[in-house]
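Participant: what shape does this take:
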Amino acid sequence: MMGSQAIELNMAGRVRAGILASIAVIISLVWFRGALFELVVRWTRQEEYSHGFLIPIITAWLLWTRREALVASIGRPAWSGLLLVLLAIVMHIVGELSAIFVLPQVGFIIALFGIILAFGGYSLLKVTFAPIIFLLFAIPLPYFIDAHLTLRLQLISSEIGAFFTGLLGIPVYLQGNILDLGAYKLAVVEACSGLRYLFPLLSLGFLAAYLFRAPVWQRALVFLSAIPITILMNSARIALTAWTMDRWGSKMADEVLHAFEGWIIFMACAALLALLILVLARLSGKTFFEVFDVPAVPVRRETIVPTTNCVPVAAFLIILCAAGLSIAFISGRTEIVPDRARFASFPTRIGQWQGHVSSLDAKTERGLGVDDYVLSDFDRSDGRLVNLYVAYYASQRKGVSSHSPSVCIPGGGWLITRTDRATYDSNGVRAPVNRVIVERNSEKQLVYYWFVERGRQVADEYLAKVYLLADAITMNRTDGALVRLTTPVLPGETEQGADNRLQSFMRDVVPSLITYLPAQATPRPTLSSTMTAGQS
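Facilitator: Below is the predicted model of the structure:
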């Protein structure tokens, strides 16, 4: 009789814990709804993340397959769950202040782990860890990392695609992400970077490694193989397009390009992943279905009474509700966008320099996501010119920000041969710029570029992101700009001559930018003409 009562008490405790845990999950969904909605937006707008809709479904399926183990593993609540919830709350608050959505999105998953610990202890965490961690593959990368990765993969895919094209007997000359076939040129654009296959295949690779009952090193190999498989298949697709273009022209190449994209390439990648698992299974003397199955989870039959201590449960719900109120207050802030002059009024004559304004094509402008910009060639009486490009972003909260020239330059077919850090002084205040030498064929150019973040001049792009986060929290501003100056190193001219030309232009143009690039609340010192270049 006593044993029957203990069992009933234990079951009642588990039911009560399940109800409270469900309430906590619902509250978390409400408080994290802004970041989660942004997830859905990215899944909808970016094809490379469209697989995100399937991740929660697969997670729910994995949890359902171990439902008996979940019920049996509910243990004593752990206070450490509250620490995880507090960490998730901090991440959510910082994310709301800075609009770096990846923080609250990861914070939501951490909050789920906190709920599991607070209501079921470490025994329940052990059973749910793998399915919950799988949710990370539904979270897109921050925009600036995504842009860098896209451009890097464009260049890698272009190089390997050009190699494969050469193996097909087609003469090809590679300039950045452009395959020159002589009569035709094939540009490996952002959509051809391979990201649309990489992220879904990484998710599939993790799931396959989880279901693959094999030694750890084999499971790791299956997961990591998704990266080279994606790059090689995408490069092969580029080579096939180049071969078609060489044989039948660009119209047929476009048809092939569209035919061999999307699900066809992804299914081919998935088939290679399955083939790898089959090979590894054969090495162990087993068949595919003997090693590929949902892992069995031992059902615990211990007598655990999880409700004897309800303090962690009550504290958890109180903290979660209080955090929700503070987050609701913070998310109601309206970002400060300072007044500034538009670049439409930017002078066409600066000192002894005469400007010739040009513009970006519509596709490039959309891709950059820039709010305002100036693009102009300035020259003097000697005919030697300097190209000025300034891209201004009124808000970088949604992840749209300046594209680093260190990534964009190689995409245009230029080779970066040297990168220095140059510094010029302004009454004791040192202002850094990046100094880059680029070459293409027989051409050579000198590039200076830097970032202006709320009046602060920064050369290091990652430091610029740190300032962006800090200023979003303390100033409620995320406006910023990229300033880039370019001049050719003419035949017979030394690099010092090109340096002198850029420095001369900077003395005239930097003061002219003040009204177009808003400063901090405190006055920004002007830059003097003194400048020294030193290798970084």
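Participant: nearest residue to residue 102 other than its sequence neighbours?
Facilitator: Setting aside the residues directly before and after it, residue 102 is nearest to residue 142 in space (CB to CB, 6 or more residues apart in numbering), at 5.3 Å. (C-beta placed from N, C-alpha, C; glycine too.)
Participant: from residue 52, how far out is the one you found?
Facilitator: From residue 142 across to residue 52, the span is 15 Å (CB to CB, to the nearest Å).
Participant: what do you get for residue 494?
Facilitator: 53 Å.
Participant: between these two, point out the one with more neighbours.
Facilitator: Using other CB atoms under 10 Å as the criterion, residue 494 and residue 52 rank with residue 52 on top: 22 against 10.
Participant: who are the neighbours in contact with the more buried one?
Facilitator: Residue 52 is in contact with 39, 40, 42, 43, 137, 138, 139, 140, counting by CB atoms under 8 Å, 6 or more residues apart in numbering.
Participant: in contact with residue 460, which residues?
Facilitator: Residues near residue 460 by CB under 8 Å, 6+ apart: residue 432.
Participant: for it, give me phi and psi.
Facilitator: In terms of degrees, to the nearest 10, the main-chain angles of residue 460 are phi -80, psi 120.
Participant: how about residue 130?
Facilitator: Note on residue 130: backbone dihedrals following degrees, to the nearest 10 are phi -60, psi -50.
Participant: ok, residue 372 next?
Facilitator: According to degrees, to the nearest 10, residue 372 has phi -160, psi 150.
Participant: over to residue 435?
Facilitator: phi -120, psi 120.
Participant: ok, it - how many residues close by?
Facilitator: Neighbours around residue 435, by other CB under 10 Å: 24.
Participant: please apply the same query to the one 10 residues further on.
Facilitator: Residue 445 sits with 17 neighbouring residues when counted by other CB under 10 Å.
Participant: wait, isn't it in contact with residue 487?
Facilitator: Yes. If you go by CB atoms under 8 Å, residue 445 and residue 487 touch, sitting 6.8 Å apart.
Participant: common neighbours of these two, please.
Facilitator: Contacts common to residue 445 and residue 487, judged by CB under 8 Å, 6+ apart, are absent.
Participant: residue 289: what's it in contact with?
Facilitator: With CB under 8 Å, 6+ apart, residue 289 has no contacts at all.
Participant: and the pLDDT at it?
Facilitator: pLDDT for residue 289: 76.
Participant: still on that earlier bit, can I have the buried ones of the contacts of residue 52 as a ChimeraX selection?
Facilitator: A single ChimeraX command is used to select the members of those judged buried by 16 or more other CB atoms under 10 Å:
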select :39,42,43,137,138,139,140
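Participant: tell me which two in the contacts of residue 52 are the farthest apart.
Facilitator: Spanning the widest gap among the contacts of residue 52 are 40 and 137, at 15.2 Å by CB to CB.
Participant: that older thread, quick one, phi/psi of the residue nearest to residue 102?
Facilitator: Torsion angles at residue 142 (phi, psi; degrees, to the nearest 10) stand at phi -60, psi 150.
Participant: got the contacts of residue 52 as TSV, with distance to residue 518 and secondary structure columns?
Facilitator: Listed next are those as TSV, based on distance: CB to CB, whole Å; DSSP: H, G, I helix; E, B strand; the rest coil:
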residue	distance to residue 518	secondary structure
39	32	helix
40	33	helix
42	29	helix
43	34	helix
137	39	helix
138	37	helix
139	32	coil
140	30	coil
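Participant: closest to residue 263 out of the contacts of residue 52?
Facilitator: Nearest to residue 263 among those, with distances taken as CB to CB, is residue 43, at 16.4 Å.
Participant: nearest residue to the closest one in space, please, no chain neighbours.
Facilitator: residue 52 (4.0 Å).
Participant: in space, what's closest to residue 156 - neighbours in sequence excluded?
Facilitator: Per CB to CB, 6+ apart, closest to residue 156 is residue 231, 6.2 Å.
Participant: cool, residue 515 as well?
Facilitator: Residue 515 sits nearest to residue 341 (CB to CB, 6+ apart), 4.6 Å away.
Participant: domain parsing for this protein?
Facilitator: Following automatic domain parsing, one finds the domains of the chain at 2-138+313-331, 144-291, 343-534.
Participant: tell me which of those lies nearest to residue 337.
Facilitator: domain 343-534 (5.1 Å).
Participant: ok now the closest one, how far from the chain's centre?
Facilitator: Distance of domain 343-534 from its chain centroid, counting by CA atoms, centre = their mean, to the nearest Å, is 24 Å.
Participant: my guess is residue 50 contacts residue 41, does it?
Facilitator: No. Using CB under 8 Å, residue 50 makes no contact with residue 41, being 11.8 Å away.
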